[in-house]
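A.B. asks: model the structure of this input:
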Amino acid sequence: MDFEPILLGLLFGQLRDPELFRQVELDPELGTLIWSNGADIDFNVLYDWPNQVDATVERRHQPFAVTV
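C.D. replies: Numbering: from 1, shown residues only. Predicted coordinates:
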């Protein structure tokens, strides 16, 4: 799988560092890929990666707002 398209922003952008990327672990309870910096990828996204990657990239490019 090519994760390069989603390695953007403060959290996932850090995963461009090969040393950090190689520290990936599998969360035994949730089945997600997790990294020590807090980044994670849900197993449903991985399962359906060819259909999810474009939507995931689009979400990463959109600004977000916090509502209180």
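
A.B. asks: contact partners for the spatially most central residue of the chain?
C.D. replies: By C-alpha atoms, centre = their mean, the chain has its centre lying nearest to Ile41, at 4.5 Å. By C-beta atoms under 8 Å, 6 or more residues apart in numbering, Ile41 lies in contact with 3, 32-33. C-beta here means a position set from N, CA and C on the backbone, and glycine is covered the same way.

A.B. asks: averaged pLDDT, stretch 23-42. What do you get?
C.D. replies: Mean per-residue pLDDT for stretch 23-42: 94.

A.B. asks: what of stretch 1-15?
C.D. replies: Stretch 1-15 shows a mean pLDDT of 87.

A.B. asks: just the buried residues of it, please?
C.D. replies: Under the neighbour-count criterion of 16 or more other C-beta atoms under 10 Å, stretch 1-15 has 3, 6-7, 12, 14-15 buried.

A.B. asks: what does Leu26 show for phi and psi?
C.D. replies: Phi and psi for Leu26, reported as degrees, to the nearest 10, are phi -100, psi 120.

A.B. asks: the one 5 residues further on now?
C.D. replies: Here is the backbone geometry of Gly31 (degrees, to the nearest 10): phi 80, psi 20.

A.B. asks: in this structure it contacts Asn44, no?
C.D. replies: No: with contact defined as C-beta atoms under 8 Å, Gly31 does not reach Asn44; the gap is 9.1 Å.

A.B. asks: pick the one among the contacts of Ile41 closest to Asp54.
C.D. replies: Nearest to Asp54, judged by C-beta to C-beta, of those is Phe3 at 13.7 Å.

A.B. asks: chain center to stretch 14-31: distance?
C.D. replies: On the basis of C-alpha atoms, centre = their mean, to the nearest Å, stretch 14-31 is displaced by 9 Å from the centre of the chain it belongs to.

A.B. asks: name the helix or strand for the closest residue to Gly38 other than its chain neighbours, please.
C.D. replies: Distance criterion C-beta to C-beta, 6 or more residues apart in numbering; nearest residue to Gly38, sequence neighbours excluded, is Leu11 at 6.2 Å. In the assignment (DSSP states H and E), Leu11 maps to helix 9-12.
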